[in-house]
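J.: Here is a sequence with its predicted model. Questions after.
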Amino acid sequence: MTNMFSKPRYVLAAMAFALTLLLSPNAFAVKPEDRVTIVDVALAVNAATGEFSTLIASVVGTGLDAVLDGNGQYTVFAPTDAAFEKIGLNAAEVIAIIDSGPDGEELIRDTVLYHVARGERLSGDVLDSEQIRMITNGFTYPDPYGPALIDNLGRFVPIIATDIPADNGVIHVLGDVLLPYVP
């Protein structure tokens, strides 16, 4: 297992920024009675670090921001922009795929939903699980030697930051993109 000092600095900055956002909502012009959702945290972290532009483009472009802003509790495994770059994608390319038609949008939507599980699963719950059912009804499998997940293609995907809280769930940051199937 990695310790917090081996994580990239941007991840630590993102976690600190997200915690500040949650603990001091008035400092960010958020009314105290408003919830700070997973989407809010991802946007705030991206504003501070620029590391979730591709994920945000994927979520917003497919309309999944409405789901992740909803009342349900979710666990989001959030790949960084560098993770998307490893499979040749950036925010502009994701939007082009979505705009290419229903098949493109479905590909991006399936990929995003393969990063979301129902319920709040903190890192201990994730790593202690034998499998995690994602919203797509597919599974990921925690690596017993962790901290990593194994996707449907048998790829090991490192978890590089954990337990970034939101009022409707939690975010864990990934160093690669989970793939539900060969694109």
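T.: Sure thing, it's come through.

J.: What strand or helix carries the nearest residue to residue 122 once chain neighbours are set aside?
T.: Ranked by CB to CB, 6 or more residues apart in numbering and with sequence neighbours excluded, the top spatial neighbour of residue 122 is residue 163, at 5.5 Å. All C-beta atoms are positioned from the backbone trio N, CA, C, and that covers glycine. In the assignment (DSSP states H and E), residue 163 maps to strand 156-166.

J.: give me the element residue 112 is part of.
T.: Applying DSSP H and E, one finds residue 112 within helix 102-113.

J.: Sheet-wise, list the partners of the very next helix or strand once past that helix with their directions.
T.: Counting by DSSP H and E, the next helix or strand C-terminal to helix 102-113 is strand 116-118. The pairing partners recorded for strand 116-118 under DSSP bridges are strand 74-79 (antiparallel).

J.: Buried ones in the strand it pairs with, by neighbour count?
T.: Buried residues in strand 74-79, defined by neighbour count with 16 or more other CB atoms under 10 Å: 74-79.

J.: Stretch 137-151 now?
T.: Buried residues in stretch 137-151 (16+ other CB under 10 Å): 138-142, 146-151.

J.: Who are the contact partners of the residue nearest to residue 122?
T.: Applying CB atoms under 8 Å, 6 or more residues apart in numbering to residue 163 gives the contacts 122-123, 170, 172.

J.: buried subset of these?
T.: When those are checked for burial by 16+ other CB under 10 Å, the buried set is 123, 170, 172.

J.: so who does residue 50 touch?
T.: With contact set as CB under 8 Å, 6+ apart, residue 50 has these partners: residue 81.

J.: quick one: it from residue 81, how far?
T.: Going from residue 50 to residue 81 by CB to CB, to the nearest Å gives 7 Å.
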